[in-house]
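**Student:** What follows is a predicted structure for the sequence shown.
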4 protein chains.
Amino acid sequence: MVGGGNDAFIGAVHRIASRIDDQYELVAGALSSTPEKSRASGEALGLPRIYDDFKKMAAREARRKDGIEAVSIVTPNHVHFAAAREFLKRGIHVICDKPLTSTLQDARKMVKAVQESEALFVLTHNYTGYPMVRQAREMVANGEIGAVRVVQVEYPQDWLTIEQDFKQAAWRTDPAQSGAGGSTGDIGTHAYNLACFVTGLTATELAADLAAFVPGRRVDDNAHVLLRFDSGAKGMLWASQVAPGNENGLRLRVYGETGGVEWAQEDPNYLWYTPFGEPKRLITRGGAGAGEAAGRVSRVPPGHPEGYLEGFANIYSEAAAAIRAHRDGSPVPEGVIYPTVEDGLAGVVFVDACVRSSARNAAWIKLV
Amino acid sequence: MVGGGNDAFIGAVHRIASRIDDQYELVAGALSSTPEKSRASGEALGLPRIYDDFKKMAAREARRKDGIEAVSIVTPNHVHFAAAREFLKRGIHVICDKPLTSTLQDARKMVKAVQESEALFVLTHNYTGYPMVRQAREMVANGEIGAVRVVQVEYPQDWLTIEQDFKQAAWRTDPAQSGAGGSTGDIGTHAYNLACFVTGLTATELAADLAAFVPGRRVDDNAHVLLRFDSGAKGMLWASQVAPGNENGLRLRVYGETGGVEWAQEDPNYLWYTPFGEPKRLITRGGAGAGEAAGRVSRVPPGHPEGYLEGFANIYSEAAAAIRAHRDGSPVPEGVIYPTVEDGLAGVVFVDACVRSSARNAAWIKLV
Amino acid sequence: MVGGGNDAFIGAVHRIASRIDDQYELVAGALSSTPEKSRASGEALGLPRIYDDFKKMAAREARRKDGIEAVSIVTPNHVHFAAAREFLKRGIHVICDKPLTSTLQDARKMVKAVQESEALFVLTHNYTGYPMVRQAREMVANGEIGAVRVVQVEYPQDWLTIEQDFKQAAWRTDPAQSGAGGSTGDIGTHAYNLACFVTGLTATELAADLAAFVPGRRVDDNAHVLLRFDSGAKGMLWASQVAPGNENGLRLRVYGETGGVEWAQEDPNYLWYTPFGEPKRLITRGGAGAGEAAGRVSRVPPGHPEGYLEGFANIYSEAAAAIRAHRDGSPVPEGVIYPTVEDGLAGVVFVDACVRSSARNAAWIKLV
Amino acid sequence: MVGGGNDAFIGAVHRIASRIDDQYELVAGALSSTPEKSRASGEALGLPRIYDDFKKMAAREARRKDGIEAVSIVTPNHVHFAAAREFLKRGIHVICDKPLTSTLQDARKMVKAVQESEALFVLTHNYTGYPMVRQAREMVANGEIGAVRVVQVEYPQDWLTIEQDFKQAAWRTDPAQSGAGGSTGDIGTHAYNLACFVTGLTATELAADLAAFVPGRRVDDNAHVLLRFDSGAKGMLWASQVAPGNENGLRLRVYGETGGVEWAQEDPNYLWYTPFGEPKRLITRGGAGAGEAAGRVSRVPPGHPEGYLEGFANIYSEAAAAIRAHRDGSPVPEGVIYPTVEDGLAGVVFVDACVRSSARNAAWIKLV
């Protein structure tokens, strides 16, 4: 693991997620930006092999016979590319937190680095790991709501309603570390990715009206975005970090010619299915009406809620399946899905387009 | 009453609403577009005085000593102005369904007609009559959420998901009768009015991306709108008639510097109040935390749900209070609020701006 | 109207309910227990004919050619019988609030008085007027959940959590006025009636553990009741006036061999239908899946919530249909349902059994 | 691990739960009732040490220097005691699934065995591991709802609505394996334990009306139970396996003199807190209003839902904390709570009392 030291949130999440299905063992790390902090964090976790920095780690692990097969990169965004490159070029698989990078330039380099590597690259757009998100995607793909017309996606939070000075907030509101997008990068990319993942559509252009409501904030903390998709479908995306009462309110609603699906991250075991002209149906994870796509990433019976960590673990387990297939030279098993570097690039393109559109008074910007 | 014959939906609603608080007696009407239908509908209702058309009705009622004090106009939109003018110029108060008119030109004429009349004009933006909408407005005005930053309002329905040919659908999708806006006029105006009513803000410009998804439809059935307000607040408005599973999903969320409020029309007795840094609170109509503004338009104790008809009745009762004050030459009692012709004009300006913006690829259009 | 003076809650409810569908005109009343108060209340309402007491009212109205056809009795419980008797014996229809009487003896007399009268008797178990309650009843009757096994009904409130001294509380906690049951009489009877109404079953015995938690309270404020039905089904009934956070939480859940239905009074436009082995379905008033029984007592389209007053009005309108049929000598129209004096007797038997069972340490008491 | 072979549900749950916080390593097992199955299951899991049966496992592990410190027992109920005894008498800590045993006799022996052992005994009443259950308990203990008056607990499921013949259903409906209680033992014990855990009260007597609705079923599938507590509080408990639409609907509502708390297992990250005379508040895991007791068993920020497995993992991590303290001879850290053998005995006493009460027509049975 690179990043994820003592005071990081997402590092601990990755560690738990990787343990849940017993597919990974954490054996090495460069957990922080200084050798001292990295050592302290590594020792606190009882890591067998602790490195001063990711360069040394990549070089030495690549030389070991029992070196790591895969690395998780959970640093602030601006470090993703430099770190990933070191491992990719040595054939070590990379599991990287989102957004892909802090700049569009880096994102394009990352795509190239992945293309030139034999190793796999997995981006942890973890919300695509939720069983009922898989269910929604499968239903849309199967035509159960007809051709998609309208996509409403939102991701409101409230933690940046006031100025915050703890570390999580600090780097996420510093353009040098997070990238030019604030709410767009941190959560808007998740919302955008989810909308595309479930609908199977490609967004072709967007118009964005961004705001930084909190005095002194250097990146957007609220984003209003209009979307147009290749199929003619239209969408709205709202991301906000200044919406009091919203903790992590990612929510997707998709409406087609014959029905709709609605899903909310905070109550992830439910999916509303609304066939036009019939009563609404509440499909539950593992319950009647839930299909194969949800079932294969589910662990416990209906009514026993799975949550954020299990959804995150599904990305890790999909990655493990892909890594095993890669190792064996066999095809990736049917049904395995994980977010790729191209998804990551699409997210950074989205952020870049939002920022440019907003600077031009919400003019339309092409995405493809 | 003008309009509201046998097969009309909204006429019956106005009649019930006017009865609930026992402030009106229905004694005369020109209920339909032909004398025969008007007579048949009037007889079915046992109306004492039935007229062939609204012109005759206005003229004759104005001459009677016991003539009507107020008229309800519940025709399709394109008739509102012509009908209202007849009564206004004779000093008969007008209670008119929304949107104000089908064209901006008529809307401006209506404002002039009201200004030149001694009579009152009340527009039935009925959702402003709900107690918890009044509560939300009072809380925002009292600073309980701080300065407003973000306004999310939506009004999804699904009844026009497929082509419909019954009367309700027919005139609402005919630009000659409904005006140039489809979903924008029929429900977008409600959403827009509600957002302005609760926040007390004035929208200054908008950018709209409209769609007519159903083949052959001549007016928009889905509207994605970005809003900017005079205070610097920003908003999103979504109106749709093609969102399966949504019956009448008007919903408003307002977020300020220190808190938020959330209200949904289908569950109207609840208001979420979300002060930043405190647990969310569910305020109920009549319950603890509900204030004076809600209390004065509420009839039964908390837990005994009031609904659409009671909210509508509140507009009628507010109008009655204003009419009585007018009659007595006394000031309108404190707390009485009703939508005015200016609110109606703002709605028609909104529709016109949406249509023009969308025709110019969602360019910003000034509203004031 | 008898009772329902200035400071009464339920009188105003009855008046609004009687107006909503324009089937009644209120022309006479003895609205309070003293002539002075009765007069003051009557004048405040603008009543044409005000009486000192119900005896005079019954006698004089019966003699008038234009005398009342029906009377609403909305006094405290212990007056119901004496008042109803006066009207029944003169052939004036009675619409009476619940519970039927304050004592079992009076209840039996009331049944006899109704049997001996030509007039109709309607008990306002108003919750049976809700469209989705009718829907539930129709679905159970049609076998859509199979033979009923389990009935869970509850009616928690919180307004008597502390000692209250206003009038509503005073008579409801005085055994001389309300009867021996407190929560059992005031709300338990509603819950019991609803359970029997929806399931179509007859309860054969009960075991009750009552409590009066508030110091000094002379009647039960919490009731835990086990029920057994003639079909072999079993049930639980909970009524409470001391459950903080519950305003008027009447809720019914019925489970049969092949499915279930769930309904809650505070969100009355929804009915959950849970066929075993299929996703849960949310049926809405007026929406897809709602049938004839709900449709005929519904006024506005789905998504436009109807509430407590509309449900109450349905009882009045059913009564009006029955009265018109009675007047015409024709059969009551198909589908018309209203609670009868026998339902009222069953409620008083229920209260009496609860009190006796609890006094015998929750021994089983036969109900039929 | 003892039990938990290939086709068992709860074994896999225990394994995941033990991994989440990285406190356990699974190294040995006797996973099934025959040596062959045990071996096959152990190999599928890659277990280092596989035993034919629990006797051999206990004996040999106790002799190893690197033998197991603790064992998880996840067999059908009737095996719990015999298995636990082997480990307890050798000083190996036992983590045992609930209910404690299938008979009251065994339960008493288990208590004795624990008392005579130096080892710890932890019962996985996993629902007590949910953060918001801890929150509720802390709030009740802190007097935030006043003295408890009413306890409503229920645990409806629907999976046994029809006769099932797969393994999970088979042993749970066989009195020889599950004990005399069906729904009472499998889920009623959870509900009962939860009610006592949160309120801190001791139930003193109960009256139960059990049913076996499905033809041919030999144990109860529906239980209606009245409860009385030492403090004078009263309760109702409903457990059902035949309530269509209910997956795993454990729900607890506790009402005191000044407020209430409400929690539902299927939406476990929320706790309603209802102080009398104030608006209801929705406390979220990790959000404002959540205290220390919830915080110490929580992993991710508010809005990132934790679920069943994390709650289960909390029991394992509490056990780990206790085991480490035991190893070090230090006191158990403050705040650590886990269900004990006495809680297990209380559960078996509850089942026994339910069965005896029901056999005597719901007579009251003393519990203490």
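**Tutor:** Here it is on my side, so go on. Numbering: from 1, shown residues only, chains lettered A, B, ... in the order given.

**Student:** A:A313 and chain C, how far apart?
**Tutor:** To chain C, A:A313 is 26 Å away according to CB to the nearest CB, to the nearest Å. For glycine as for every other residue, the C-beta is placed from the backbone atoms N, C-alpha and C.

**Student:** no no, A:K280
**Tutor:** Counting by CB to the nearest CB - A:K280 and chain C are separated by 5 Å.

**Student:** residues touching that residue, list them.
**Tutor:** Going by CB atoms under 8 Å, 6 or more residues apart in numbering or on different chains, A:K280 touches A:W272, A:Y273, A:T274, B:G245, C:R281, C:L282, C:T284.

**Student:** Same question for A:L367.
**Tutor:** A:T202, A:A203, A:T204, A:E205, A:L206, A:A346, A:V349, A:F350, A:A353.

**Student:** quick one: which helix or strand includes the residue of the stretch 51-200 of chain A found nearest chain C?
**Tutor:** Of all residues in the stretch 51-200 of chain A, the one sitting closest to chain C is A:Q135 (11.1 Å; CB to the nearest CB). In this structure, A:Q135 sits in helix A:131-141 according to DSSP states H and E.

**Student:** and if you look at A:K55?
**Tutor:** helix A:54-63.

**Student:** Can you show me the strands along the stretch 1-150 of chain A?
**Tutor:** With DSSP state E, counting those that start in this stretch, the ranges of strands along the stretch 1-150 of chain A come out as A:28-29, A:49-50, A:70-73, A:93-96, A:121-123, A:148-156.

**Student:** same question but for the stretch 151-300 of chain A, I mixed them up
**Tutor:** Going by DSSP E, counting those that start in this stretch, the stretch 151-300 of chain A shows strands at A:203-211, A:222-229, A:234-240, A:251-256, A:259-264, A:270-275, A:280-284.

**Student:** and the angle for the last one with strand A:270-275?
**Tutor:** With axes from the mean of the first three to the mean of the last three CA atoms, to 10 degrees defining the directions, strand A:280-284 sits at 150 degrees from strand A:270-275.

**Student:** Near chain B, which residues of the stretch 251-368 of chain A are found?
**Tutor:** Those residues of the stretch 251-368 of chain A that sit near chain B, judged by CB under 8 Å from any CB of the partner chain, are A:253, A:255-260, A:262, A:272, A:274-276, A:280, A:361-362, A:364.

**Student:** same deal with the stretch 101-250 of chain A?
**Tutor:** So far as CB under 8 Å from any CB goes, the stretch 101-250 of chain A lies against chain B at A:145, A:149-150, A:152, A:154, A:158, A:161-162, A:207, A:209, A:211, A:213, A:222, A:224, A:226, A:228, A:234-236, A:238, A:240, A:242-246.

**Student:** Filtering the residues you listed by proximity to chain D, which remain?
**Tutor:** Answer for those near chain D (CB under 8 Å from any CB): A:N246.

**Student:** Filter the residues of the stretch 101-250 of chain A next to chain B down to the buried ones.
**Tutor:** Applying 16 or more other CB atoms under 10 Å in any protein chain shown to these, the neighbour count classes A:145, A:149-150, A:152, A:154, A:158, A:161, A:207, A:209, A:211, A:213, A:222, A:224, A:226, A:228, A:234-236, A:238, A:240, A:242-246 as buried.

**Student:** avg pLDDT for stretch A:136-149?
**Tutor:** On average, the pLDDT along stretch A:136-149 is 98.

**Student:** Go ahead and name everything in contact with that stretch.
**Tutor:** A:197-201, A:229, A:231-234, A:252, A:254-261, A:263, A:271, A:273, A:275, A:291-294, B:211, B:213, B:222, B:242, B:244.

**Student:** Kindly report the same for stretch A:171-178.
**Tutor:** By CB under 8 Å, 6+ apart, stretch A:171-178 touches A:76-78, A:102, A:160, A:164, A:182, A:185-186, A:217-219, A:221.
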